[in-house]
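Sequence first, then the predicted structure:
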Amino acid sequence: MTLASTRTKAEQALSRSFEAVAAELPGGRAIAEARKAAIGTFAALGLPHRRLEQWKWTDLRSALKEALPPAVNERHELSASIIDAALEELAAIDAHRMVFVDGRHAPQFTTQADLGGLEVTPLAEALRPDGSASDALTDQSITGNEAVVALNTAFMTDGALIRLAKGVRLDKPLLLLFARSAREGRLVTLRNRIVLAEGAEATVIEAHLALPGAAAGQTNTLTDVRLGPGARLAHVKCTLAGERASHLATWLATLGQTSVYRAFQLTAGSGLVRNNIFALFKGEGAKLDISGAFLGREVEHIDTTLVVDHAVPGCESRELFKGVLADRAHGVFQGKVIVRPNAQKSDGKQMAQALMLSPDAEFDSKPELEIHADDVVCGHGATAAEIDEDLLFYMRARGIPVAQARALLIESFIGEAIDKVEDERLRVALAQMAKRRLTGLTAAQP
Amino acid sequence: MLEIRNLRVKLAEEDKLILSGISLEVPKGQVHAIMGPNGSGKSTLAYVLAGREGYEVIGGEVLWNGEDLLAMEPDERAAKGVFLAFQYPMEIPGVATMTFLRTALNAVRRSRGQAELTTPQFMKHVREEALGLAIADEILKRPLNVGFSGGEKKRMEILQMAVLAPTLCVLDETDSGLDIDAVRIVSAGVNKLRSQDRAMLVITHYQRLLNYIVPDKVHVMADGKIRKTGGKELALELEKSGYAEFKSKALESA
């Protein structure tokens, strides 16, 4: 075997890191075996690179120059007020909270959700030999994303395991905060699972934030969503990872019969982000609505890659992603909708739009339809455009100064995606957080 | 007073002269109509007054209350009281009509040194004006002009005009695409704004609108020039004879 010699510095470091920390990672023997197998898979595959179709615009092998040491048991001194400040408008949302700092559950900041039918367990606890989480491992195989999932399995330290019993409606949103605090760059690896039994309903917010003074780090996070028949989940992810940070995220969602999955992702102020979303319709009549807003500046790179698999008939999928790209920022959207041969009456629509604030910004978009059934309605579109001068003139002719007109147009562009969030308080909070960052974006433009 | 003196305008990107020496004066308190065939330069004149890009002024001047209008940015012109009612109003997805109106009004009030209105004051003001134009409350909550009918868009232009209270109103083909009931509503809205300290320039292809908004003067424009000026009866003559007389001149000079 001469594989190792062709591996990059970062790839070799990841394998070495595993050897160094394996004994400290949570889990009994079976989990340790699974981790070992996963690092073996990673060693064989290496980091995804541009010769893989799914990664042609996000070449991790060249982008990740070094692999940071994994955070295993970082020490931190935090206060609730620091956390609230970092959460910005999300702090004011009345929610159950579960807080993780540098990849470990921080129980002092977690508010106990005292509701019958709701189980919330930190992954590290569930992974113990006497724990309940042998099924925390996912068996879903995702073409092109194997190496990222393998790294997640190998290094995962903690996360939230959420289970809502049949017919239970969560009284308020569950906010999962994943904060970074370490002063030295660390690799943080998280694994979450959200299981909603038949007819259960919940809103779950994932916030990935860097606390003041935290070093730029690397994150690998995976959330496995399983919706039972008729279940409804609103799932929001807010990624503000910090400058020069890298953030690899995978969402795996399986939708039971007539379930409804409404997801939204806000991504801003992050060095390198790859959001992978894989949604599988398992039961008929289910509905999926995934939207997102991404804001990039300087040399930030934000990639959203999603696959929606209509494996059964009669399901509906909607995707709307809107991005604003300034300076030399690079946005990527790859959206693939698969309709299997028996999946008649599938209805899929997809749209990705970018507003280009600078001639040096780049947006690459690849919508793909792979349709094997004949009675379906599917469509997609993608645009990249500058601010519409006619609209700008119209607003200026009404007395609105040019900078304000521009800001209002950008805000309204992004607003179309944020408007998909149904919960009003959450929608307003996200809009404010996006607006704060848009101000930074537009101020820098001529 | 609006004073346009020998205004010559070409397209910025091409060597095509659109306005070839327009001269015109509209005193405060008066309504002047500009009529003319398609392609005569009427809309270009409206855009140049409002400050749209894409045109190059190669001669002449435009003074508004003695100030050089052409030296101002579009939003400065609005602050000075200039308002263009667009022939094709823009749709702005994601911006609620109320939000847009409020942003515009506050911007204009700030630049005129007036205090911003409180929310209740603003709402009351807009609702009163909207009522007169038969604009439903529900429409004010929708994104500006998105999914509005042609008539709704034109009424919205007049609502904006009423709310912003400009002193120079330029109406570009405000009657185009309207049925007779809508023309009546829009005209009533415009007539309500006629006053001693306001000048209006009404651009129209057809005489019909001028039955409702009766002008003090009518100018006929063709080939980028004012060809004839008269009283309100000139519009009626044109209705009978059409623009043939002016078109033939256009051909001769071509």
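That came through, no problem.

Next to chain B, which bits of chain A? Give me the list.
A:389-391, A:393-402, A:404-405, A:408-409, A:411-416, A:419 (CB under 8 Å from any CB of the partner chain). Any C-beta I mention is one placed from the backbone N, CA and C, and that applies to glycine too.

In ChimeraX, how would I select just the buried ones from the residues you listed?
Filtering these down to the buried ones (16 or more other CB atoms under 10 Å in any protein chain shown) takes a single ChimeraX command:
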select /A:391,393,394,395,396,397,398,399,400,401,404,405,408,409,411,412,413,414,415,416,419
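
Can you list the strands that the host helix or strand of B:Val202 pairs with?
Using DSSP states H and E, B:Val202 maps to strand B:199-204. The pairing partners recorded for strand B:199-204 under DSSP bridges are strand B:31-35 (parallel), strand B:168-172 (parallel).

Quick one: residues contacting B:Val146.
By CB atoms under 8 Å, 6 or more residues apart in numbering or on different chains, the contact set of B:Val146 is B:91-93.

Now, of those residues, which are buried?
B:92-93.

restrict the contacts of B:Val146 to contacts with chain A.
Residues of the contacts of B:Val146 in contact with chain A (CB under 8 Å from any CB): B:92-93.

what's the closest of the contacts of B:Val146 to B:Val220?
Using CB to CB, B:Glu91 is the member of the contacts of B:Val146 that sits closest to B:Val220, with 32.8 Å.

The closest one contacts B:Pro143, doesn't it?
Yes: B:Glu91 is within contact range of B:Pro143, at 7.5 Å (criterion: CB atoms under 8 Å).

Now do the helices in chain A.
For chain A, the helices defined by DSSP state H occupy A:3-6, A:9-21, A:29-45, A:60-63, A:80-87, A:123-127, A:146-155, A:389-397, A:402-418, A:424-443.

Near chain A, which residues of the stretch 101-250 of chain B are found?
Contact residues (CB under 8 Å from any CB) of the stretch 101-250 of chain B with chain A: B:103-105, B:107-108, B:111, B:143, B:160, B:164.

Now the two most distant members of those.
Farthest pair in these (CB to CB) is B:Ser111 and B:Pro143. Separation: 25.2 Å.

Show me which of the two is the more surrounded one.
Remark: of B:Ser111 and B:Pro143, B:Pro143 carries more neighbours, 20 against 15, as counted by other CB atoms under 10 Å in any protein chain shown.

so the more buried one touches B:Thr99, yeah?
No: if you go by CB under 8 Å, B:Pro143 and B:Thr99 don't touch, sitting 9.1 Å apart.

Per-residue pLDDT of the residue of the stretch 1-150 of chain A found nearest chain B, please?
Chain B sits closest to A:Glu89 of the stretch 1-150 of chain A, with a gap of 19.0 Å, by CB to the nearest CB. What the model reports for A:Glu89 is a pLDDT of 97.

do the same with A:Leu127
Listed pLDDT for A:Leu127 reads 87.

likewise A:Ile142?
In this model, A:Ile142 is scored at 69, pLDDT.

Then A:Leu3?
Here, the pLDDT recorded for A:Leu3 equals 50.

and if you look at B:Asp15?
B:Asp15 is assigned a pLDDT of 89 by the prediction.

Three-state assignment for it, please.
Look at B:Asp15: counting by DSSP: H, G, I helix; E, B strand; the rest coil, its state is coil.

Give me the next element, helix or strand, following the strand holding B:Val202.
Beyond strand B:199-204 on the C-terminal side, the first helix or strand identified by DSSP H and E is helix B:209-212.

Buried residues in that next one, which are they?
B:209-210, B:212.

Check which helices and strands it is in contact with.
helix B:180-193, strand B:199-204 (3 or more CB pairs under 8 Å, 6 or more residues apart in numbering or on different chains; DSSP states H and E).

Can you give me the buried ones in the first one?
Counting neighbours by 16+ other CB under 10 Å, one finds that the buried residues in helix B:180-193 are B:182-183, B:185-187, B:189-190, B:193.

before we move on, what about stretch B:121-130?
Within stretch B:121-130, the residues scored as buried using 16+ other CB under 10 Å are B:122, B:125-126, B:129-130.

Check stretch B:94-109 too.
In terms of neighbour count (16+ other CB under 10 Å), stretch B:94-109 has its buried residues at B:94-109.

can you list the residues of the stretch 101-250 of chain B next to chain A in a markdown table and add distance to A:Asn276?
Shown next, in a markdown table, are those (distance: CB to CB, whole Å):
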| residue | distance to A:Asn276 |
| --- | --- |
| B:Thr103 | 39 |
| B:Ala104 | 43 |
| B:Leu105 | 46 |
| B:Ala107 | 43 |
| B:Val108 | 48 |
| B:Ser111 | 49 |
| B:Pro143 | 33 |
| B:Gln160 | 46 |
| B:Leu164 | 49 |
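
Among the residues you listed, name the ones in helices.
Those of these lying in helices (DSSP H): B:103-105, B:107-108, B:111, B:160, B:164.

Redo the residues you listed as TSV? Include pLDDT.
Output for these, formatted as TSV (pLDDT from 0 to 100):
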residue	pLDDT
B:Thr103	94
B:Ala104	96
B:Leu105	96
B:Ala107	95
B:Val108	94
B:Ser111	92
B:Gln160	97
B:Leu164	95
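
wait, which of the strands paired with strand B:199-204 is closest to A:Gln257?
Of the strands paired with strand B:199-204, nearest to A:Gln257 by CB to CB is strand B:168-172, at 56.0 Å.

next one: the closest one to chain centre, how far?
Averaging C-alpha coordinates over strand B:168-172 and over its chain gives two centres that are 2 Å apart (CA atoms, centre = their mean, to the nearest Å).

just stretch A:425-437 next, same as before
Distance, centroid of stretch A:425-437 to centroid of chain: 17 Å (CA atoms, centre = their mean).

Report the rounded mean pLDDT for it.
Here the average pLDDT along stretch A:425-437 is 94.

List the beta-bridge partners for the closest residue to A:Glu368 other than its chain neighbours.
Nearest non-adjacent residue to A:Glu368, counting by CB to CB, 6 or more residues apart in numbering or on different chains: A:Lys336, 4.2 Å away. As for beta bridges, A:Lys336 partners with A:Val307, A:Glu368 under DSSP bridges.

Would you agree A:Lys336 is in contact with A:Thr304?
No: the criterion here is CB under 8 Å, and A:Lys336 misses it with A:Thr304 at 11.8 Å.
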